[in-house]
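A.B. asks: just the structure for this:
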Amino acid sequence: MEAELAALAASGATTVVGLMASDAWTQAKQRLARFFARGGDESAVDGELELSRAELAAARDESDELTAADIEADWR
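C.D. replies: Next up is the predicted model:
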């Protein structure tokens, strides 16, 4: 069961990072903030998501795949 959960988390992180780089980000970000906050402070999660997105954009502009992979690992 643990391997399946790890695979699910990895897939989810890949999807989140992929959404950060897409036009669907605005809608996805709101839903993700609600999901990750789990009834807590959505604005704090929203800020973390936006920071990750800015870091990802900078990493991709510089062709820095290591930083992009680190961002995905953080969300995993």
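A.B. asks: contacts, neighbours, all on C-alpha from now
C.D. replies: Noted.
A.B. asks: Ala21: how many residues sit nearby?
C.D. replies: 14 (other Cα atoms under 10 Å).
A.B. asks: same check, this time on Ala68
C.D. replies: By other Cα under 10 Å, neighbour count at Ala68 equals 19.
A.B. asks: next: Ala7.
C.D. replies: 13.
A.B. asks: please apply the same query to the one 3 residues further on.
C.D. replies: Per other Cα under 10 Å, the neighbour tally for Ala10 reads 16.
A.B. asks: check Thr26 too.
C.D. replies: 11.
A.B. asks: give me the pLDDT for it.
C.D. replies: Here the pLDDT value assigned to Thr26 is 85.
A.B. asks: with Phe36 instead?
C.D. replies: Taking Phe36 on its own, its pLDDT is 89.
A.B. asks: what does Ala57 give?
C.D. replies: For Ala57, the model assigns a pLDDT of 91.
A.B. asks: I'd assumed Ser22 was in contact with it.
C.D. replies: No: counting by Cα atoms under 8 Å, Ala57 does not reach Ser22; the two are 10.7 Å apart.
A.B. asks: more crowded one of these two?
C.D. replies: Counting neighbours by other Cα under 10 Å for Ala57 and for Ser22 shows that Ala57 has the greater number, 16 against 10.
A.B. asks: and that one, what does it touch?
C.D. replies: Ala21 (Cα atoms under 8 Å, 6 or more residues apart in numbering).
A.B. asks: would you mind measuring from it to Arg31?
C.D. replies: Going from Ala57 to Arg31 by Cα to Cα, to the nearest Å gives 21 Å.
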